[in-house]
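Colleague: Let's see this in three dimensions:
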Amino acid sequence: MVPARYRRTVTEAHRTAPARQSTHLVVSRSCRIPLEELEWRFSASGGPGGQHVNTANTKAEVRFDIAGSPSLGPRQRARLLERLGPTVRVVASDERSQSRNRDLAMQRLAARLAEGLHIEAARVPTKPRRSAKLNRLDDKRRRGETKRLRGRPAAD
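Modeller: Next comes the predicted model:
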């Protein structure tokens, strides 16, 4: 049995481990980027952590060169260049561990690239059904009748 204080760490490590073992960053079904194309930089991050913050480079920054990437297709490259520019930069300094910040940065990069590749479905305009038109006219007629009955009685 694992003590309670270690349970969260074990499950987090289990959840993030497969991402690091992979050789590609999976953005979508049609877009996979080899990890060799990602440029990493690590530096000291601020925030809580005591002396650990001053001695460890836990802040992770990843850059991806869209313009020079051979793994992107021409349409994907054009769409990403239009929406995100020639390079994408993602920074993660939320956690005290460099490996967790690295995983966070990869997740954020994948999300940003997936958002850039997303194509909105074209809206197909539709016509109102005949019954909807008839219901609308009936409602108008009833509403007009109600308003007419609220008025002053006719002088006879």
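Colleague: what's the next secondary structure element after the helix or strand bottoming out on mean pLDDT in the chain?
Modeller: Ranking every helix and strand in the chain by mean pLDDT, DSSP states H and E puts helix 4-21 at the bottom, with a mean of 47. Once helix 4-21 ends, the next helix or strand along the chain (criterion: DSSP states H and E) is strand 24-28.
Colleague: So what touches that following strand?
Modeller: If you take CB atoms under 8 Å, 6 or more residues apart in numbering as the criterion, strand 24-28 is touched by 32, 33, 34, 35, 38, 106, 109, 110, 113, 114, 117. To be clear about C-beta, it is placed using only N, CA and C from the backbone, and glycine gets the same treatment.
Colleague: Just after it, pick out the following helix or strand.
Modeller: Downstream of strand 24-28, the next assigned helix or strand under DSSP H and E is strand 31-34.
Colleague: Pull the distance from whichever helix or strand comes after that next one to the chain's centre.
Modeller: On the C-terminal side of strand 31-34, the nearest following helix or strand under DSSP H and E is strand 38-43. A distance of 22 Å separates the centroid of the chain from that of strand 38-43, by CA atoms, centre = their mean, to the nearest Å.
Colleague: Give the buried residues for strand 38-43.
Modeller: Within strand 38-43, the residues scored as buried using 16 or more other CB atoms under 10 Å are residue 38.
Colleague: what does stretch 28-48 give?
Modeller: Burial within stretch 28-48, assessed by neighbour count using 16+ other CB under 10 Å, is assigned to 31, 33, 37, 38, 45.
Colleague: neighbours of the residue lying closest to residue 32 once chain neighbours are set aside, just the number please.
Modeller: Spatial nearest neighbour of residue 32, chain neighbours left out: residue 24 (4.3 Å); criterion: CB to CB, 6 or more residues apart in numbering. Other residues within reach of residue 24, judged by other CB atoms under 10 Å, total 13.
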